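Any chance you can model this:
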Amino acid sequence: MPEHREVRVLPYTPEQLFDLVADVGSYGEFLPWVIATRVKSRSDAEMVADMVVGFKVFRETFTSRVVLDRPHHIHIDYVSGPLKFLYNDWRFKAVGGGTEVDFHVDFAFRQSILNGLAGAYFHEAFRKMVTAFETRAAKVYAAEAPSGSSSSSAQRTA
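Predicted coordinates:
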């Protein structure tokens, strides 16, 4: 599978954005294709969570281990489910006017047919996901991003 990376500057603190991404239990409320989540265990440094995702006729559950390095970094490792592997990182860096958010994901399904289907929508799906987090931040923190700042340094790696 191709990798996907986006970098955006958002008008929130690293702590606010870290808390938003670390709130896995709320993902079903705002993330496209997330049907349900369940946090199985959690400490200040780590959590293990299940996520049910669905798209059209597909519905899959996978478990991940989430390493929490507040407020700078969240790293997700795949534990079990339909994937061969999953590596996902969120990095939060304070910059003038807010926080630079660096999102990176790389994964592959065990079944090649699913890789083919996912590949057709991969970048669009992850752009929508990052935008959903941005929209959620505006709602939760009742602040609107200054015009143009939300995507001021968006980039994608194919």
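
What about Gly45, how many residues nearby?
Not quite, residue 45 is Ala, not Gly. Residues near Ala45, counting by other CB atoms under 10 Å, number 10. Quick note: C-beta positions are derived from backbone N, CA and C, even for glycine.

got the contact list for it?
67-69 (CB atoms under 8 Å, 6 or more residues apart in numbering).

Give the partner strands of whichever strand or helix holds Val48 in its sheet and their orientations.
Following DSSP states H and E, the helix or strand that holds Val48 is strand 46-55. If you go by DSSP bridges, strand 46-55 pairs up with strand 34-42 (antiparallel), strand 58-69 (antiparallel).

Please enumerate the helices of this protein.
Applying DSSP state H to the chain gives helices spanning 14-22, 27-30, 112-140.

re the thing from before, now distance to Tyr27 too, for the strands paired with strand 46-55, in a markdown table please.
Formatted as a markdown table, the strands paired with strand 46-55 follow (distance: least, CB to CB, whole Å):
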| stretch | distance to Tyr27 |
| --- | --- |
| strand 34-42 | 5 |
| strand 58-69 | 12 |
